[in-house]
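> would you be able to build a 3D model of this:
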Amino acid sequence: MSLEEQLRELVLGLDGVATVYSADPLWLTVVKQVGALLSAGEEAAEVPFVVCRVDGDGETPVMTVQIRIGTDGGVPAPALARGVAAAIREFVGRERPELEVVAAVEIAAIGV
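Model prediction:
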(Lines give C-alpha, C1' and ligand atoms only; values in the text may rest on other atoms or scores of the structure.)
Protein backbone atom coordinates (compact mmCIF):
# COMPACT_ATOMS: atom_id res chain seq x y z
CA MET A 1 0.00 0.00 0.00
CA SER A 2 1.40 3.40 -0.96
CA LEU A 3 1.99 6.19 1.54
CA GLU A 4 -0.91 8.12 -0.02
CA GLU A 5 -3.28 5.17 0.46
CA GLN A 6 -2.09 4.70 4.04
CA LEU A 7 -2.71 8.39 4.77
CA ARG A 8 -6.20 8.21 3.25
CA GLU A 9 -7.08 5.23 5.46
CA LEU A 10 -5.59 6.96 8.52
CA VAL A 11 -7.63 10.12 7.94
CA LEU A 12 -10.85 8.20 7.24
CA GLY A 13 -10.43 6.54 10.63
CA LEU A 14 -10.27 9.82 12.56
CA ASP A 15 -13.27 11.00 14.60
CA GLY A 16 -15.14 13.74 12.77
CA VAL A 17 -14.01 12.81 9.24
CA ALA A 18 -16.86 11.65 7.02
CA THR A 19 -15.03 11.34 3.70
CA VAL A 20 -11.84 12.12 1.81
CA TYR A 21 -12.40 13.91 -1.49
CA SER A 22 -10.19 14.04 -4.55
CA ALA A 23 -7.18 16.24 -3.79
CA ASP A 24 -7.97 18.27 -6.92
CA PRO A 25 -11.11 20.39 -7.24
CA LEU A 26 -13.87 18.76 -9.31
CA TRP A 27 -13.32 21.00 -12.34
CA LEU A 28 -9.61 20.09 -12.48
CA THR A 29 -10.37 16.37 -12.12
CA VAL A 30 -12.79 16.61 -15.06
CA VAL A 31 -10.24 18.45 -17.20
CA LYS A 32 -7.58 15.83 -16.43
CA GLN A 33 -9.98 12.97 -17.22
CA VAL A 34 -11.07 14.50 -20.53
CA GLY A 35 -7.46 15.26 -21.47
CA ALA A 36 -6.41 11.68 -20.75
CA LEU A 37 -9.33 10.28 -22.76
CA LEU A 38 -8.56 12.52 -25.74
CA SER A 39 -4.89 11.53 -25.78
CA ALA A 40 -4.05 8.73 -28.18
CA GLY A 41 -4.12 5.38 -26.42
CA GLU A 42 -4.38 6.85 -22.92
CA GLU A 43 -6.70 5.53 -20.24
CA ALA A 44 -8.55 7.74 -17.79
CA ALA A 45 -6.20 9.34 -15.28
CA GLU A 46 -6.27 8.00 -11.71
CA VAL A 47 -7.94 10.38 -9.27
CA PRO A 48 -5.60 11.09 -6.34
CA PHE A 49 -7.18 11.45 -2.89
CA VAL A 50 -3.92 12.39 -1.18
CA VAL A 51 -1.02 14.13 -2.88
CA CYS A 52 2.48 13.90 -1.40
CA ARG A 53 5.23 16.08 -2.88
CA VAL A 54 8.84 16.24 -1.68
CA ASP A 55 10.91 19.38 -2.19
CA GLY A 56 14.58 19.08 -1.32
CA ASP A 57 16.11 22.55 -1.67
CA GLY A 58 17.29 22.83 1.93
CA GLU A 59 19.25 20.61 4.29
CA THR A 60 16.11 18.71 5.30
CA PRO A 61 13.71 17.75 2.49
CA VAL A 62 10.10 18.81 3.05
CA MET A 63 7.11 16.63 2.17
CA THR A 64 3.88 18.50 1.56
CA VAL A 65 0.77 16.37 2.01
CA GLN A 66 -2.41 17.75 0.43
CA ILE A 67 -5.81 16.35 1.42
CA ARG A 68 -9.47 17.49 1.16
CA ILE A 69 -11.96 16.17 3.68
CA GLY A 70 -15.65 16.30 4.53
CA THR A 71 -16.67 16.41 8.19
CA ASP A 72 -19.56 14.71 9.93
CA GLY A 73 -20.26 17.85 11.97
CA GLY A 74 -19.30 16.20 15.26
CA VAL A 75 -16.04 18.10 15.66
CA PRO A 76 -15.61 21.83 14.90
CA ALA A 77 -13.97 22.15 11.48
CA PRO A 78 -10.92 24.18 12.59
CA ALA A 79 -10.14 21.70 15.39
CA LEU A 80 -10.65 18.78 13.02
CA ALA A 81 -8.30 20.29 10.42
CA ARG A 82 -5.63 20.78 13.11
CA GLY A 83 -6.13 17.19 14.34
CA VAL A 84 -5.91 15.74 10.84
CA ALA A 85 -2.75 17.75 10.14
CA ALA A 86 -1.17 16.55 13.41
CA ALA A 87 -2.05 12.92 12.64
CA ILE A 88 -0.52 13.23 9.16
CA ARG A 89 2.67 14.82 10.52
CA GLU A 90 3.00 12.10 13.17
CA PHE A 91 2.41 9.24 10.73
CA VAL A 92 4.78 10.54 8.05
CA GLY A 93 7.35 11.38 10.74
CA ARG A 94 7.38 7.71 11.78
CA GLU A 95 7.45 6.39 8.21
CA ARG A 96 9.89 8.92 6.77
CA PRO A 97 11.85 10.46 9.67
CA GLU A 98 14.32 12.13 7.30
CA LEU A 99 11.59 14.51 6.08
CA GLU A 100 9.94 17.58 7.51
CA VAL A 101 6.19 17.40 6.94
CA VAL A 102 3.71 20.12 5.99
CA ALA A 103 0.06 19.01 5.99
CA ALA A 104 -2.33 21.07 3.87
CA VAL A 105 -5.81 20.06 5.05
CA GLU A 106 -8.79 21.57 3.25
CA ILE A 107 -12.31 21.26 4.64
CA ALA A 108 -14.41 20.75 1.51
CA ALA A 109 -17.75 20.04 3.22
CA ILE A 110 -19.09 20.38 6.76
CA GLY A 111 -21.66 18.00 8.18
CA VAL A 112 -21.95 15.66 5.20
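
> switch to C-alpha atoms for all contacts and neighbour counts from now on
Noted.

> lowest-pLDDT helix or strand in the protein?
The helix or strand of the chain with the poorest confidence is helix 26-38; it has a mean of 74 (mean pLDDT, DSSP states H and E).

> following element in sequence after that one, please.
strand 50-55 (DSSP states H and E).

> quickly run through the sheet partners of that following strand, with directions.
Strands that pair with strand 50-55, judged by DSSP bridges, come out as strand 62-71 (antiparallel).

> so after the partner strand, what's the next helix or strand?
Toward the C-terminus, strand 62-71 is succeeded by helix 77-95 as the next helix or strand (DSSP H and E).

> now for that next one, which elements pack on it?
Contacts defined by 3 or more CA pairs under 8 Å, 6 or more residues apart in numbering; DSSP states H and E place helix 77-95 against helix 3-12, strand 100-109.

> dump those into CSV; add mean pLDDT and mean neighbour count as well.
Below are those laid out as CSV (pLDDT from 0 to 100; neighbours: other CA atoms under 10 Å):
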stretch, mean pLDDT, mean neighbour count
helix 3-12, 96, 17
strand 100-109, 94, 18
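
> now render the ones you listed as a markdown table, adding distance to residue 20.
Below are the helices and strands packed on helix 77-95 laid out as a markdown table (distance: least, CA to CA, whole Å):
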| stretch | distance to residue 20 |
| --- | --- |
| helix 3-12 | 7 |
| strand 100-109 | 9 |
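
> of these, which approaches residue 24 most closely?
Nearest to residue 24 among the helices and strands packed on helix 77-95 is strand 100-109 (10.7 Å), distances taken as CA to CA.

> which residues sit against that closest one?
21, 60-71, 77, 81, 84-86, 88-89, 92-93 (CA atoms under 8 Å, 6 or more residues apart in numbering).

> please list all residues in contact with residue 84.
Contacts of residue 84 (CA under 8 Å, 6+ apart): 11, 14, 105.

> residue 9 is in contact with residue 88, correct?
No. Assessed by CA atoms under 8 Å, residue 88 is found out of contact with residue 9, at 11.0 Å.
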